[in-house]
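Trainee: Sequence and predicted structure are below.
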Amino acid sequence: MKRWYQAKLGEPCHDVLLPLVSQLLSNESNFHSKNIARVRVYRGLWDQQVGSRRTARGSNSIFTGALSVLSRLGMGTARLNVTKAVCDTFSSRLSKDRPMPSFVTDDSDWELKSKAKKFRQFIVGQMLETEFDDLSARALDDGTRVGFGFTAIDNSGDSIFAERVHPNDIVFDRRECTYGTPQQAFRIRRVARDYAAELYPDESDYLIHQAPSSVERQIDQYMQDGPTIGNLSDYVDIWSAWHLPSTTESEDGRKAIICGSRTLATEDWMEPRFPWSMFQLQDPDEGMYPTGFVDDLIEMQYRVNCIIRDLQLNLMATGRGHYVVNSANRIPVEMMNAMQPFELVYDGPPGAAPQWTAPQPFNIAQLNACKQFIDWMFQMTGVSQANAESRSALGAGASGVALDTQYDIDSDRFRGPQRKYARYRLHAGQGYLDASRRVARLRQQTKGAKRSWVATTWKGRDAIQRLDYSAVELKEGTYRLAIEAVGFLPDTRAGKLSAVQQLAQAGVIPQWIVPMLFDEPDLSEANRIILAPIKLALKKMDILVELDQEPPMPEQYDDLDMELKITKAFYAWIRCENAPVEIQARFTDYLANLVEAIKLYQPPQPPQLPMSPAEPPMPGGIPAMPQGPVPAPMPIGAPGHGILS
């Protein structure tokens, strides 16, 4: 049987591909329903769909019965959503770490190292432009709820984009997923007809008038909290399919885009990866999909919900006004206070008052059990309950060493997820590189038709540079991506100030670099003035390493002493990196010019006055001290009237 990816480039493949993706989507319906249920548990929307698994035990009918009672009374159900607190705390804790990909080219020549440096600028600039930090936080959120999250990084024509992908939008063939390395992947997207016609103008008439309308899915049924989704006749489902090359030398890599009975586009797929980065909260036992915190906490969350529901119903029953009245002396309803008062009528002599025992609102053991379940939920996941409550586990006044130690203890529990989060961002960096290759190939085909550069930035630098995509096109195997931490300094101002102060006092960083580590908005004006000499010197260093640019010259009003320190450091660095002799010569010439400028422009030191000659020694040496008793002191004042008289 002919596979969809075996068709020649440009040939239609929808007749083979559409039945395959439709069957795979049907096979995943149960899994997708579970993902939706997990999200609803996280959001606190615990309803009959989520609790249907418990119907056999009868607990679900009791729970929904309580919901109906509260609904008839016009009150919502009280919930204590511990699962959401656990997921949000973990996600915010891990998203503070923002590891960035960097290039390792230790044994390469200077030209490849220069390309790697340019690509480092390219990656950071593209991540900032596509707001990847926000997207990575969304992938973390999905990972804590359903166990995994996707961030697509692809090219749209001649530009790169990144976006969050819903976990149910990507489908794999489970037969290929046993070992976690599938060769095929498929993504479904709902697109407006007019927008699809703009993307694929050759099939615009079919997309607007003939393409089948989008099919309603589980996500449309279970994720609504308000109005219905409405009519889908103005929307179509577009499938994108990828098949990775079987080997590095194979040519069977293919990408296809179809809609109904039309093949919209086909192209060769040369990268050995799919155009997205996948975050996994933990290693799955088998296949592609691990479980999240919701699966671990759902049983205890259900028990907490039951206890809170019972407390609410008890308070509703015992907190209302109770009126015990004799049948001969009924109280008018207008005179009864409290919400939904309850009147208890008894028969007896009018003068005999009944004995009334006020019911207890709830059993304190229930409240203690609820607290214990909450503690277990935090302990089982390893998430700090103190962090969820925005307080320090060590109390007020803890020292910095104690806080650092506690931070390390909290981090040890999440070494596995932290490693997977770093790997997710590493794969994202590779995704930007792959997308840049595709853009470079596309722009090479349409050379001269459009611009071939992209705006990039570099961490710690204010300048916006123009960088050609072809400048960052590195050959596979000539580099190795590594991960480096970006968030070493704390995020809070007090923590950042303390950390920088410790680094400066320990001699790790010189004092003049300290202002560069503070990028607070309210210090921008001051830093613009203070850091101007340093940034000017760094700009000159960048010019010196580029042979096609005119080397700079030191000027009279530059901070020549600082430039001398920075230039010496850069000169040592380029020699360690085996820079070409021409670049080293540019640095030595600039160093020589700096030394001459310092001699020329710095004011001469005032001449030192000659020291007066030392006095000759006394003739005969130092006289000896007189011997004998010490004479009495002379009297002060007239005789007989002195102080001692």
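Mentor: Looks like it came in fine.

Trainee: Pull the number of nearby residues for residue 243.
Mentor: One way to gauge burial is a neighbour count; for residue 243, by other Cβ atoms under 10 Å, it gives 19. C-beta coordinates here come from the backbone N, C-alpha and C atoms, glycine included.

Trainee: Let me know the pLDDT of it.
Mentor: Looking at residue 243, its pLDDT reads 95.

Trainee: Backbone dihedrals for it, please?
Mentor: Note on residue 243: backbone dihedrals following degrees, to the nearest 10 are phi -130, psi 120.

Trainee: which ones are touching it?
Mentor: Neighbour list for residue 243: 3, 4, 5, 183, 184, 252, 253, 254, 255, 269 [criterion: Cβ atoms under 8 Å, 6 or more residues apart in numbering].

Trainee: Regarding this structure, what is its longest helix?
Mentor: Counting residues, the longest helix found in the chain (DSSP state H) is helix 415-445.

Trainee: List the buried residues for that helix?
Mentor: 417-418, 420-443 (16 or more other Cβ atoms under 10 Å).

Trainee: helices or strands next to that helix in the packing?
Mentor: Under the contact definition 3 or more Cβ pairs under 8 Å, 6 or more residues apart in numbering; DSSP states H and E, helix 415-445 sits against helix 82-95, strand 100-104, helix 110-129, helix 132-146, strand 148-156, strand 159-165, strand 276-280, strand 480-484.

Trainee: which one of those lies closest to residue 11?
Mentor: Distance to residue 11, taken as Cβ to Cβ, is lowest for strand 148-156 among these, at 23.0 Å.

Trainee: got the CA positions of that closest one in CSV?
Mentor: What follows is strand 148-156 as a C-alpha-only set of coordinates in CSV (Å, rounded to 0.1, in the frame of the first residue of the first chain):
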residue,chain,number,x,y,z
PHE,A,148,2.8,17.6,28.7
GLY,A,149,2.8,20.8,26.6
PHE,A,150,3.7,21.8,23.1
THR,A,151,5.2,25.0,21.7
ALA,A,152,5.3,25.2,17.9
ILE,A,153,8.3,26.9,16.3
ASP,A,154,8.0,27.1,12.6
ASN,A,155,8.3,29.4,9.6
SER,A,156,5.3,31.0,7.9
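
Trainee: what packs against that strand?
Mentor: On a contact count with 3+ Cβ pairs under 8 Å, 6+ apart, strand 148-156 meets helix 132-146, strand 159-165, strand 276-280, helix 415-445.

Trainee: which one of these has the lowest average pLDDT?
Mentor: helix 415-445 (a mean of 84).

Trainee: quick one: that helix to helix 82-95, angle?
Mentor: 60 degrees (axes from the mean of the first three to the mean of the last three Cα atoms, to 10 degrees).

Trainee: Against residue 179, how distant is residue 357?
Mentor: 67 Å (Cβ to Cβ, to the nearest Å).

Trainee: Look at these two and report which has more neighbours.
Mentor: For the pair residue 357 and residue 179, the greater number of neighbours falls to residue 179 (9 against 5), based on other Cβ under 10 Å.

Trainee: So what touches stretch 586-605?
Mentor: Under the contact criterion Cβ under 8 Å, 6+ apart, stretch 586-605 has outside partners 540, 544, 547, 551-556, 558, 560-561, 563-564, 567-568, 570-571, 574.

Trainee: now the residues you listed: which count as buried?
Mentor: Using 16+ other Cβ under 10 Å as the burial test, the contacts of stretch 586-605 include 540, 544, 552, 554, 558, 560, 563, 564, 567, 570, 571, 574 as buried.

Trainee: taking those residues one by one, which sit in helices?
Mentor: Within those, residues falling in helices by DSSP H are 540, 544, 560, 563, 564, 567, 570, 571, 574.

Trainee: Let's have those in CSV, adding pLDDT and distance to residue 143.
Mentor: Listed next are these as CSV, based on pLDDT from 0 to 100; distance: Cβ to Cβ, whole Å:
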residue, pLDDT, distance to residue 143
540, 91, 45
544, 91, 45
560, 89, 53
563, 90, 48
564, 91, 50
567, 92, 47
570, 90, 42
571, 92, 46
574, 87, 42
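
Trainee: and those, which two are the farthest apart?
Mentor: Put simply, by Cβ to Cβ the two of those set farthest apart are 560 and 574, 20.6 Å from each other.

Trainee: how's this structure carved up into domains?
Mentor: 4-44+79-223+231-293+416-465, 322-359, 493-601 (automatic domain parsing).

Trainee: And these: which comes nearest residue 382?
Mentor: Comparing the domains of the chain under Cβ to Cβ, the one sitting nearest is domain 4-44+79-223+231-293+416-465, at 8.5 Å.

Trainee: just to revisit the earlier point, what's the closest of the helices and strands packed on helix 415-445 to residue 297?
Mentor: Using Cβ to Cβ, these put helix 82-95 closest to residue 297, at 4.8 Å.

Trainee: Dump that closest one to PDB, restricted to CA.
Mentor: Listed next in PDB are the C-alpha coordinates belonging to helix 82-95 (Å, rounded to 0.1, in the frame of the first residue of the first chain):
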ATOM      1  CA  VAL A  82      -5.900  22.600  46.200                       C
ATOM      2  CA  THR A  83      -5.000  21.100  42.800                       C
ATOM      3  CA  LYS A  84      -4.900  24.500  41.200                       C
ATOM      4  CA  ALA A  85      -2.800  25.900  44.000                       C
ATOM      5  CA  VAL A  86      -0.300  23.000  43.600                       C
ATOM      6  CA  CYS A  87      -0.100  23.400  39.800                       C
ATOM      7  CA  ASP A  88       0.200  27.200  39.800                       C
ATOM      8  CA  THR A  89       2.900  27.100  42.600                       C
ATOM      9  CA  PHE A  90       5.000  24.600  40.700                       C
ATOM     10  CA  SER A  91       4.600  26.400  37.400                       C
ATOM     11  CA  SER A  92       5.600  29.800  38.800                       C
ATOM     12  CA  ARG A  93       8.500  28.200  40.700                       C
ATOM     13  CA  LEU A  94      10.000  26.500  37.700                       C
ATOM     14  CA  SER A  95       9.300  29.400  35.200                       C
END
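
Trainee: Perfect, I'm done here.
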